[in-house]
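Peer 1: the following block contains a protein sequence and its predicted model.
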Amino acid sequence: MKSWTPSDRIVAPSVLAADFSRIGEECSRAIAAGADWLHLDVMDGQFVDNISFGPAMVGAVHATNDIFLDVHLMIARPDHYLPRFLEAGADLISVHVEPEADHDVAGSLAAIQAAGCRAGLAFNPATPLEEVLPYLDQIDLLLVMTVVPGFGGQAFMAEVMPKVEEAVRLREERGLAFHIEVDGGVDPQTARIAAGAGANVFVAGSSTFKAPDIRAAISAIREA
Ligand code: DX5
Ligand code: ZN
């Protein structure tokens with residue numbers, strides 16, 4: 001696997017904000033505009049109150065290009081569905097820590113990594129950092145939700161930033177190398193706040209796919 005340096009700035013446009021009727025072209029457009037990764041938000045109508053898409057969409061995106069696919073599972077029983085997302089071509093899979101996700105978190109993380117995929121752990125704005133601490137030495141990425149998950153286009157919650165700062169501190173203290181990703185309401189202005197707190201991976205849906213100039217939007221987030 002390629003080197004994994006949390007000081008790298010990574011912009012991951014969220015396909016949730018793309019035009020699903022022309023998904024291949026939309027992904028190509030984001031990649032041509034400088035996307036580092038593509039972020040795929042999988043929602044099941046149970047863990048979150050929205051239904052987006054499943055492994056077939058991940059597979060379709062994977063078939064059109066070989067960009068790094070960052071798959072965010074907002075679903076119950078992610079362990080049950082992991083093999084399908086691995087098979088579909090995910091490069092990183094994040095699972096949620098909240099009890100409503102209904103799985104053995106350590107077991108899911110281990111299963112993802114055993115398949116040669118990167119493992120991420122996501123937690124909601126209302127979930128304290130303490131909930132993810134037992135797993136920090138088992139993850140490649142910590143996904144800090146900056147909105148209540150379920151829908152694109154919501155406002156960035158800056159009040160979550162102390163969790164990012166504390167995660168950076170613990171990462172140093174423990175000699176770990178996981179990336180810190182922010183997801184929800186990220187645009188060039190809020191990316192600056194998140195970068196200041198120590199995040200290095202920026203998921204951005206509305207502010208990239210719906211921007212008049214996607215290339216300028218991605219650059220502005222990367223340089224925030
Ligand atoms: C929220 C999703 C986000 C969403 C971000 O439930 O996890 O990834 O696509 O969308 P924007 O950037 O529009 O807030
Ligand atoms: Zn997401």
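Peer 2: Sure thing, it's come through. Everything numeric in this text was worked out from a predicted model, so none of it was measured. Ligands and ions are numbered 1, 2, ... in the order given.

Peer 1: so for stretch 116-131, mean pLDDT?
Peer 2: When pLDDT is averaged over stretch 116-131, the result is 98.

Peer 1: how about Thr5, nearest residue that isn't a chain neighbour?
Peer 2: Distances taken as CB to CB, 6 or more residues apart in numbering place Ala177 nearest to Thr5, at 7.3 Å, with adjacent residues excluded. (Glycine included, C-beta is placed from N, CA and C.)

Peer 1: which SSE is that neighbour in?
Peer 2: Using DSSP states H and E, Ala177 sits in no helix or strand.

Peer 1: which pLDDT value belongs to it?
Peer 2: Ala177 is assigned 97 on the pLDDT scale.

Peer 1: now stretch 19-35: how far from the chain's centre is it?
Peer 2: Centre-to-centre, stretch 19-35 and its host chain are 17 Å apart (CA atoms, centre = their mean, to the nearest Å).

Peer 1: for Asn50, grab the count of nearby residues.
Peer 2: Using other CB atoms under 10 Å, Asn50 has 15 other residues around it.

Peer 1: contacting residues for the residue in the chain positioned nearest to ligand 2?
Peer 2: In the chain, the residue that lies nearest ligand 2 is His72 (3.6 Å; CB to the ion). Going by CB atoms under 8 Å, 6 or more residues apart in numbering, His72 touches His39, Leu40, Asp41, Val42, Ser94, Gly120, Ala122, Leu143, Asp183, Val203.
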